[in-house]
Structures are given as structure tokens and as C-alpha cells.
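> let's see this in three dimensions:
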Amino acid sequence: MNMDYKGSSRMDMGYYALNKLASSGMIMLILALAGWIWPNGADQLSQWLGISMPNEYWVYGYALTASLVADAILSFIPLQRIPKQAALYGATGFLFFALFLDGPEEQQWARAIVGALTLLMFLWGKHAFSRTSLVTLFFALIIPLLCWVL
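Predicted coordinates:
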């Protein structure tokens, strides 16, 4: 019996989950660096967007879920070209964040735009993080822990 990873759906799902976690870690690192560079900037961004939640909730709660929805749509409508995938990811992020958060119209637009940009980072991570790279493991496991501890 050949246990090659190419034929194992469990391994494929594991690599898929690892990729999503690595993309989430990359976004967490960007948000953490922005918070360290501009300590008051994180509070201003939260006020501007009309949210008061930790970055972890934004990334792992909303953005990761929206990314999974975009991938589910892609499984039904396979778009091979990256610009079309980017349009789908951006639209999913835009709609997801515009529809699921309350507030004034200006804040809904701002959240929707930030949501679209966040999901585009997930698409970039989908193509940038490879299965066999230690960088993927680093961003999936170590970076979120460092961001949480620091």
C-alpha cells in the first residue's frame, strides 16, 4: 500500500489547513508590526472601523472564515486565472465584512474594504506558502505564538 501524500486526502486537508494558518500568521504579523510601529495607530484603526476586538478575532474569526467561504465558492466555480480568483476573494471579503458587522455606513464601507484587502492577503498566502517549506510551518505555528506572547 502506497502512502504517498499525493494520494492521501487527509494529507491534502492537512496541507490546506496549514496553508490557511500560515496565511493567518502572516496577517497577524503585519497587524502586530503595525501596532508596534504605531502604538496608537491600532486604536485609531479600531475606532475608524468601528470595531473593538482583538486582532486574533479579526483574523482567525472573520477573515479565516471568509477565506474558507471563498475557497468553497472556488470549488464550485473553478477559476484558473489568478486575477479572477483575486476578484472572487476580494468580493467575498468585501461582502462578508460589510454584511456581518453593524454600524454607520462609512464604517461598513471601511470594514468591507479592509476585509477585501485581508482576503487578498489570504489569496497571496495560498500561492506563496508551499507544502514543503519550513517557512509555512513558521508562519502557521511560531508567528501567532510570538504575536500572542509579545
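> list the helices and strands the top helix by length along the chain packs on?
Using DSSP state H to assign secondary structure, the helix with the most residues in the chain is helix 9-37. For helix 9-37, the packing partners by 3 or more CB pairs under 8 Å, 6 or more residues apart in numbering; DSSP states H and E come out as helix 39-49, helix 55-56, helix 64-76, helix 105-128, helix 134-137, helix 143-149. Every C-beta, even on glycine, is put in place using the N, C-alpha and C of the backbone.
> now the residue nearest in space to the middle of the chain. Nearest residue, chain neighbours left out?
Averaging the C-alpha coordinates of the chain gives a centre point, and the residue nearest to it by CA atoms, centre = their mean is residue 122 (4.3 Å). Of all residues not flanking residue 122 in the chain, residue 67 sits nearest, at 4.2 Å (CB to CB, 6 or more residues apart in numbering).
> could you measure from that neighbour over to residue 106?
When CB to CB, to the nearest Å is the yardstick, residue 67 and residue 106 sit 25 Å from each other.
> who has more neighbours, these two?
In this comparison of residue 67 against residue 106, neighbours counted by other CB atoms under 10 Å, the higher total goes to residue 67 at 25 against 11.
> do you know how far the more buried one is from residue 74?
10 Å.
> same question, residue 107
In this structure, residue 107 and residue 74 are separated by 29 Å, where distance is defined by CB to CB.
> what does residue 20 give?
For residue 20, the distance to residue 74 under the criterion CB to CB works out to 13 Å.
> kindly report the same for residue 15.
16 Å.
> my read: residue 96 touches residue 69, true?
Yes. Counting by CB atoms under 8 Å, residue 96 does reach residue 69; the two are 6.7 Å apart.
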